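> sequence first, predicted model second:
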Amino acid sequence: MANMSPTSKRSKTRQLLQQYGNRCCWCGKQMTKSERTIEHLVPKSLGGTNAISNLRLACFTCNNSRGNNLLPPRFMNSRDRDNFLDLARIYPWK
Ligand SMILES: [Zn+2]
């Protein structure tokens with residue numbers, strides 16, 4: 001997140017909270033302020049931008065386990081993949 005200023009980060013967080021609520025976009029859990037992170041759907045390493053449409057809120061655990069992969073590793077097995085697809089319907093990729 002090096003190239004997002006703290007001010008911009010705060011306003012993006014506020015927009016995302018309004019749009020999606022205080023839930024992790026991967027596991028759906030309610031987040032405390034300290035575990036809430038801004039997630040890039042398309043990772044910056046793959047050309048993703050800081051546009052709001054490419055951003056979601058994710059808990060630290062999911063964000064951290066994902067690294068630069070498209071999905072966090074635990075969504076790669078079939079059961080969690082279904083779970084992810086459910087989540088993706090709630091949080092549609094735009
Ligand atoms: Zn999570």
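It's in.
> what does the lengthiest helix in the chain contact?
Using DSSP state H, we find that the single longest helix of the chain is helix 6-20. Where contact means Cβ atoms under 8 Å, 6 or more residues apart in numbering, the residues beyond helix 6-20 that reach it are 1, 4, 36, 38, 50, 52, 55-57, 91. (Each C-beta comes from the backbone N, C-alpha and C, glycine too.)
> show me what from this protein comes close to the ion.
For the chain, the residues in contact with the ion (Cβ under 5 Å from the ion) are 24, 26-27, 59, 62.
> now with 6 Å?
24, 26-27, 29, 58-59, 61-62 (Cβ under 6 Å from the ion).
> what would these look like in CSV with distance to R14?
Below are these laid out as CSV (distance: Cβ to Cβ, whole Å):
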residue, distance to R14
C24, 17
W26, 21
C27, 22
K29, 20
A58, 16
C59, 18
T61, 22
C62, 21
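> still on that earlier bit, beyond the longest helix of the chain, next helix or strand please.
The first helix or strand that comes after helix 6-20 along the chain, using DSSP states H and E, is strand 36-40.
> filter the contacts of helix 6-20 down to the buried ones.
36, 38, 55-57, 91 (16 or more other Cβ atoms under 10 Å).
> may I ask which two of those are separated the most?
Across these, the longest distance by Cβ to Cβ is 14.7 Å; it joins R36 and Y91.
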